[in-house]
Each structure stands twice: as C-alpha cells, then as structure tokens.
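# Let's see this in three dimensions:
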Amino acid sequence: MNANAAAKARWSADRDCSTIDCALGTILIEGAVFRVDNQVRRRALDHLGALIDREGPSAIAKAVGDFVAIIVTDQDTYAFKSFTSQYQIYYRERDGAVANRLGFFFDASSSRWNEHYFARHVLLVPGYQFLSTETPLADVSRVLPGELIRLGRPVTRQQLVRRRYGYRLDGAQRREDVAPQILAILRDSIKGRLAANPDAKICVEISGGLDSSFIACLLGEQASGIRGVMFSQPNLPSHAISEGYAREVADRYGIDLVVMPPEELPTSVDENPGYSDEPSDFFWFGDWFSRAVADVAEPGSQVFTGFGADQLFLRAPSFLPYLLQRREYRHFANALPPASALLSRGRTNLGWQSLLSLVPEGIHQRLNRMFGDRGWNPFDVSDVNMRRMLTDSVPWLRCGRTLHAYSTERETRERELVGDGIICDDWGYFSAPRTVTQSHFAAKRLTDASPFCDLPLLDFVYDEVSALLVHDFEGRYKELLREAQKGIVPESLRGRQNDTFVFNSFQLTYVNKAREYFAALLRTAPDDWIDRRAANYALEQLSFGIATSSTRSAMALMGYLGWRQAFVGHRTIGREIAGLISARSS
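Presented below is the predicted three-dimensional model:
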C-alpha cells in the first residue's frame with residue numbers, strides 16, 4: 001500500500017462502515033451495499049472486491065446500494081459515491097486529501113468559507129448538495145453521484161453512472177400492469193437494506209399516511225421486533241384518523257408503536273447541536289422531530305421512512321406545461337379538464353398559465369414585476385409553476401450571484417447528470433435526510449433508510465411507467481401507489497382521501513422560541529455576506545407567519561449559521577486509514 005496515499009485518506013468508521021481487503025488494496029465503505037451481481041451481505045462485499053481486483057476501481061459502479069467508498073491501492077487513492085446516496089465524500093485537490101467527513105479538512109487558522117455555497121443555501125437553490133462539487137469550505141470539493149475520482153495531480157474524474165430520464169406517455173398502460181413490479185422493487189430494496197445491516201435494530205416512522213405505512217407494512221413482512229414512532233396532533237380531526245390507521249398497521253404487523261403528541265416533543269431549541277457535514281434549511285424539523293425519533297429508537301437502529309414517495313408518485317400541475325413544452329397536445333387536452341376540476345381553476349386560466357410557463361424566464365420575471373404590487377397579476381403561474389413565482393430578490397444578501405445565475409447553472413448540471421425529461425423540483429432530496437438527521441442520529445449510531453430513494457425504483461418509474469398514470473388528475477392522489485399496496489396495506493388506509501401532515505404551526509412555534517438564539521447567530525455572520533439589520537427584519541416577519549422569498553431565505557440563513565457554529569465547535573474525530581490497516585494487521 002502507498003503510505004502517502006493512506007496518510008491523506010481519513011475515514012470516520014461508524015456502525016454502518018465496512019472494510020474489504022483485496023489484492024488491489026483496501027476498500028472502505030460507509031453506508032449499505034445491498035447487492036452485487038445478486039450477491040448479498042458479506043458475500044456481496046467479497047464479490048465486489050474480486051470484481052475490483054479483476055476489472056479495476058471502476059467496477060465499484062456495479063454495486064447497488066446507498067453508500068460512498070474510497071479505494072487505497074499501492075499507487076493511488078480513489079473515491080466513489082453511489083448515484084442516489086445520502087452520504088457524502090470530500091476531497092482537496094491541492095494535496096490529494098480525501099475523507100467521508102468535511103470536518104477533517106477544517107483548520108481554524110487557514111480554512112476559508114465558500115460564499116457561493118452560502119449564497120446557494122440562502123437562496124434555496126435546489127439540488128446544490130447533489131449536483132454541485134462546491135462545499136462549505138472553499139478549497140474542498142465533493143464527489144458527485146456516480147462519479148469515481150482518482151486523487152493525484154491533477155485529480156481525474158470519471159462519471160461511471162449517469163441517467164437520461166424521460167417520461168413515457170403510454171395511454172394504453174394500466175396501473176395493474178406496473179404496480180406489481182413497483183411492489184417487488186420496494187420489497188427487494190427493504191430486503192437489501194436489512195441484509196446489509198443484519199444486526200441493526202429497526203425503527204420506522206409511521207404517519208398513518210400512504211407512504212410511511214407502505215414501508216412499515218413491507219418491513220413487517222420481513223422482520224420482527226420493529227419499533228414504530230408516530231407524531232400525533234389529536235386536536236386535528238384528520239390526525240386522529242391518521243393515528244387510527246397507524247395503530248391498525250402496527251397491530252397487523254406486530255409493530256411496537258409509540259405515539260407522540262405535541263406535548264411530548266422537545267420543547268426547547270437545541271443551541272448546541274451535534275456535528276453535521278452540511279447545513280439544512282429544514283434544521284428546525286430535525287431539532288424537534290429527529291431528536292424525538294432518536295429518543296425512541298434503539299441504539300444502532302436503521303430508521304425507515306416513506307421519504308421520497310412524493311417525488312415519484314405525487315401528481316403535479318406542472319405536468320400541464322411539461323406536456324405543452326413537449327408538444328404533447330393531445331395528452332394536454334385530455335389532462336386539462338380533470339386538472340381544472342381538481343384545482344378549481346378554469347380551463348382557460350390553467351391553459352394560459354401553462355403557456356406563460358413556456359415564456360423565457362427572464363422575460364416572465366419582468367412581466368411579473370410589472371404587476372407585483374397590484375391586487376391582480378395576469379402573469380401569475382403559481383398553479384402550474386410555483387418555482388417561477390418564488391424568484392423575488394433577497395435584499396439583505398450581499399454576496400454571491402443572482403438566483404437566476406445559480407438556477408441556470410443548476411439546470412445545466414441536471415441535464416448532464418439526469419437529463420431533462422422528467423419533472424423534479426429538487427434532485428437534492430437524496431441528501432436531505434442526512435443533513436436533517438445527522439446531528440441528532442449520530443450519537444446513537446442511527447441511520448436513515450428511505451427505500452423510495454433507491455435507484456432501481458427510480459429507474460423503473462422513470463423508464464418504464466407511463467407518466468400519465470402518475471399525473472392522473474381524475475382519480476385520488478397516488479392511485480398508482482395505492483394499486484401497488486393491494487393486499488399489503490389495510491384497505492381502510494389504502495382508501496383514505498387525504499393524509500397531509502401540516503408542519504407550519506410547528507415551524508412558527510420554533511421560530512418564536514428561538515428568537516434570542518437566532519439573534520445571537522446573526523451576529524456571527526460575516527459583514528460582507530448579509531445586511532444584518534434587514535435579515536433581522538425578515539426574521540421578525542417570519543415570526544408572524546409571513547411567507548416571502550426573504551423570510552424563507554431567513555430560515556435557511558439560520559440553518560447555515562447554526563450549522564457553522566456547531567461545525568467549528570465539534571469537528572468530527574476519525575481515524576486514518578493507515579491506522580485502521582495497521583491495527584487490523586496486528
């Protein structure tokens with residue numbers, strides 16, 4: 001082994017880390033490898049080592065799972081990230097250093113913060129933690145999804161996994177034609193996650209809705225001793241119904257369900273959160289809800305959720321302009337009447353909004369601004385293209401580029417990595433669970449498990465399933481997912497009409513509890529990055545529930561500043577690969 005290469009590679013060896021020794025060198029993996037050529041558990045890892053010996057480091061792309069890895073050989077060090085991984089791996093070009101924790105690179109005397117990363121975060125640019133190589137530290141980069149890098153001078157990058165997703169529009173396809181395969185893929189995904197961590201305890205979040213209940217039921221088919229957790233709002237009639245559904249699922253599959261009413265959630269703001277690699281604008285959710293899950297889950301548990309189902313199975317009015325853009329006029333004409341009825345908007349109105357959505361964005365923004373202060377805006381497209389309506393400037397942000405510039409850059413990277421043939425408002429959702437939960441889960445060695453985010457399911461839905469079945473405005477929402485749940489999920493739950501869990505009241509409560517904490521955080525922001533007085537005014541507006549681009553960005557700002565303070569304070573501790581290897585050899 002190359003001692004210099006090993007010395008520059010640092011690895012935080014947690015519960016969900018594996019080591020493979022092969023003739024080529026040593027492979028360290030964080031996360032879960034579900035299977036390699038139909039091999040599972042330790043056999044999958046051994047088979048992966050044999051493949052890498054035979055075919056070289058690029059063979060790691062044959063592993064199916066949610067993981068990052070480094071490969072240290074006698075000559076080189078490589079790093080790889082699976083395509084939909086929640087985990088991150090970082091490197092620094094100037095010295096060839098690589099690590100699975102950003103904290104390894106931080107030096108209080110020399111590290112520089114990346115103002116463009118900060119600006120993207122505050123402006124809520126979608127997918128920047130998935131599509132961009134930039135990290136919070138100016139001289140540190142991230143390995144992109146499906147990318148293999150070789151550390152050296154220069155660093156070489158190879159995109160091993162790439163997709164060109166594009167919707168099928170097959171009017172003859174029926175839900176029952178594809179639902180069995182969706183069920184089979186989800187079952188297999190859960191089987192793979194359980195096999196990759198056979199000794200882990202199991203916890204599952206159950207809301208009483210379609211997504212999380214489906215995962216809970218599929219877990220109940222394959223495992224026992226499952227702990228369930230539900231957040232309840234008994235004062236809301238819909239949540240009382242949801243609690244009944246969650247209990248029905250738990251009773252059927254022998255799940256030990258803990259129902260947590262609001263008064264049992266954490267009531268204080270954690271002003272000293274644990275270490276996390278990167279910030280989240282949803283940090284407040286993690287502070288209360290992820291902290292509550294961590295209190296319930298057994299140490300070392302996999303925490304399963306239904307996260308990611310909306311991105312695949314929830315119909316979206318943005319499908320209307322999508323059809324126009326693709327010149328699918330017949331499908332547009334068929335979808336418009338039921339969409340009009342569902343949204344309680346006239347057909348002419350929705351048709352006009354769909355047409356406006358095809359106008360170049362810069363021109364449309366100028367038209368919007370002409371009517372911004374009036375009671376009626378004929379250029380409003382919020383029913384079919386909300387993203388176009390959330391482009392107001394954030395006046396207190398002083399650094400970085402414009403939202404339009406960052407968005408144009410993002411769209412280019414999306415086309416390169418996943419194509420532009422489907423509707424996805426934020427490809428960064430794969431990394432979202434970890435940024436929210438890491439600081440609360442790490443102490444008990446908990447890991448997030450979101451089967452709806454696994455690549456085999458994405459490939460099937462985006463390549464084989466007609467988008468007309470997903471974006472069906474005539475039936476109930478998620479009719480396709482309901483079809484896949486037949487015989488698995490209780491019929492009473494499968495037939496429910498609405499399962500929305502409302503978090504707005506929790507966020508508003510959190511903001512008002514955190515006023516002093518937020519004020520202290522504002523004082524830590526660099527002078528040339530924000531106008532503190534104007535940002536503080538946005539926080540005041542937020543405390544009254546006012547929703548604007550500025551107040552949304554103010555919440556993201558607090559997420560960044562709170563994260564940075566914790567990041568500097570904690571700086572994760574890990575071990576060098578060389579140390580791991582020598583300890584194993586002895």
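
# dump the residue contacts of residue 283.
273, 436, 558-559, 562-563 (Cβ atoms under 8 Å, 6 or more residues apart in numbering). Heads up, the C-betas are built off the backbone N, CA and C, glycines and all.

# Looking at the residues you listed, spot the one nearest residue 260.
In terms of Cβ to Cβ, no member of the contacts of residue 283 lies closer to residue 260 than residue 436, at 17.4 Å.

# Give me the nearest residue to the closest one, chain neighbours excluded.
Nearest non-adjacent residue to residue 436, counting by Cβ to Cβ, 6 or more residues apart in numbering: residue 286, 4.1 Å away.

# Can you give me the neighbour number for that neighbour?
Residue 286 has 24 neighbouring residues, counting by other Cβ atoms under 10 Å.

# Assess the claim that it and residue 280 are in contact.
Yes: between residue 286 and residue 280 there is a contact at 6.8 Å, judged by Cβ atoms under 8 Å.

# Could you name every residue contacting both of the two?
Among the neighbours of residue 286, those also in contact with residue 280 (Cβ under 8 Å, 6+ apart) are residue 436.

# rewinding a little: list the contacts for the residue nearest to residue 436?
280, 436-437, 439-440.

# hang on, the earlier thing: can you redo the contacts of residue 283 as TSV with pLDDT and distance to residue 240?
Converted to TSV, the contacts of residue 283 look like this (pLDDT from 0 to 100; distance: Cβ to Cβ, whole Å):
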residue	pLDDT	distance to residue 240
273	89	32
436	92	27
558	97	33
559	96	32
562	96	34
563	96	36
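
# circling back: tell me the two of the contacts of residue 286 that are most distant?
280 and 440 (11.3 Å).

# how about the strands in the stretch 1-150 of the chain?
Ranges of strands within the stretch 1-150 of the chain are 9-11, 17-21, 25-36, 63-73, 77-81, 90-92, 97-99, 141-142, 147-151, based on DSSP state E, counting those that start in this stretch.

# What strands flank the last one, and is each parallel or antiparallel?
The reference is to strand 147-151. Using DSSP bridges, strand 147-151 pairs in its sheet with strand 77-81 (antiparallel), strand 156-159 (antiparallel).

# looking at these, which is buried most?
Comparing those by mean neighbour count (mean count of other Cβ atoms under 10 Å), strand 77-81 comes out on top with a mean of 26.

# nearest residue to residue 496 other than its sequence neighbours?
The spatially closest residue to residue 496, leaving aside those adjacent along the chain, is residue 245, at 6.9 Å (Cβ to Cβ, 6+ apart).

# Name the helix or strand for the one you found, please.
Residue 245 is part of helix 237-253 when elements are defined by DSSP states H and E.

# now swap in residue 184 and tell me
Counting by DSSP H and E, residue 184 is part of helix 175-196.

# How about residue 532, nearest residue that isn't a chain neighbour?
Per Cβ to Cβ, 6+ apart, closest to residue 532 is residue 522, 5.4 Å.

# For that neighbour, give me phi and psi.
phi -60, psi -30 (degrees, to the nearest 10).

# Need the pLDDT of residue 572.
What the model reports as pLDDT for residue 572 is 46.

# and the residue nearest the centre of the chain, how far is that from residue 84?
The centroid of the chain falls nearest to residue 429 when counting by Cα atoms, centre = their mean (2.4 Å). Distance from residue 429 to residue 84, counting by Cβ to Cβ, to the nearest Å: 9 Å.

# anything in contact with each of the two?
Common contacts of residue 429 and residue 84 (Cβ under 8 Å, 6+ apart): residue 453.

# ok, how many other residues are close to residue 546?
Count around residue 546 with other Cβ under 10 Å applied: 11.

# Show the contacting residues for it.
Counted by Cβ under 8 Å, 6+ apart, residue 546 has zero contacts.

# cool, residue 430 as well?
With Cβ under 8 Å, 6+ apart, residue 430 has these contacts: 84-86, 130, 145, 308, 453.

# just checking, residue 161 touches residue 83?
Yes: the pair residue 161 / residue 83 is scored as a contact, 4.5 Å apart, by Cβ under 8 Å.

# shared neighbours, the two?
Counting by Cβ under 8 Å, 6+ apart, the contacts common to residue 161 and residue 83 are 145-146.

# Which one's more surrounded, these two?
More crowded of residue 161 and residue 83, by other Cβ under 10 Å: residue 83, with 23 against 17.

# Phi, psi for that one please.
According to degrees, to the nearest 10, residue 83 has phi -60, psi -40.

# Also residue 125?
phi -70, psi 120.

# so what's it closest to, chain neighbours aside?
Of all residues beyond its chain neighbours, the one nearest residue 125 is residue 406 (4.6 Å), with distances taken as Cβ to Cβ, 6+ apart.

# what helix or strand is the one you found on?
helix 403-417.

# okay, the angle between that helix and strand 147-151?
Counting by axes from the mean of the first three to the mean of the last three Cα atoms, to 10 degrees, helix 403-417 points 100 degrees away from the direction of strand 147-151.

# Run the chain-centre distance for helix 403-417.
18 Å (Cα atoms, centre = their mean, to the nearest Å).

# And the average pLDDT for that helix is what?
Helix 403-417 shows a mean pLDDT of 90.

# same for that helix, what does it pack against?
Of the remaining helices and strands, those touching helix 403-417 by 3 or more Cβ pairs under 8 Å, 6 or more residues apart in numbering; DSSP states H and E are helix 128-131, helix 361-370.

# Please identify the most buried of the ones you listed.
It is helix 128-131: most buried of the helices and strands packed on helix 403-417 by mean count of other Cβ under 10 Å, with a mean of 25.

# Pull the residues that contact that helix.
Under the criterion Cβ under 8 Å, 6+ apart, residues 88, 117, 120-121, 134, 142, 144-145, 278, 406, 410, 413-414, 417, 427-428, 430-432, 435 lie in contact with helix 128-131.

# Mind pulling the model confidence for residue 324?
Note on residue 324: pLDDT of 95.

# quick one: it and residue 355 touch, right?
Yes: contact criterion Cβ under 8 Å: residue 324 and residue 355 qualify, at 6.8 Å.

# Those two: who's more crowded?
residue 324 (17 against 14).

# Distance-wise, check the more buried one relative to residue 318.
For residue 324, the distance to residue 318 - Cβ to Cβ - is 11 Å.
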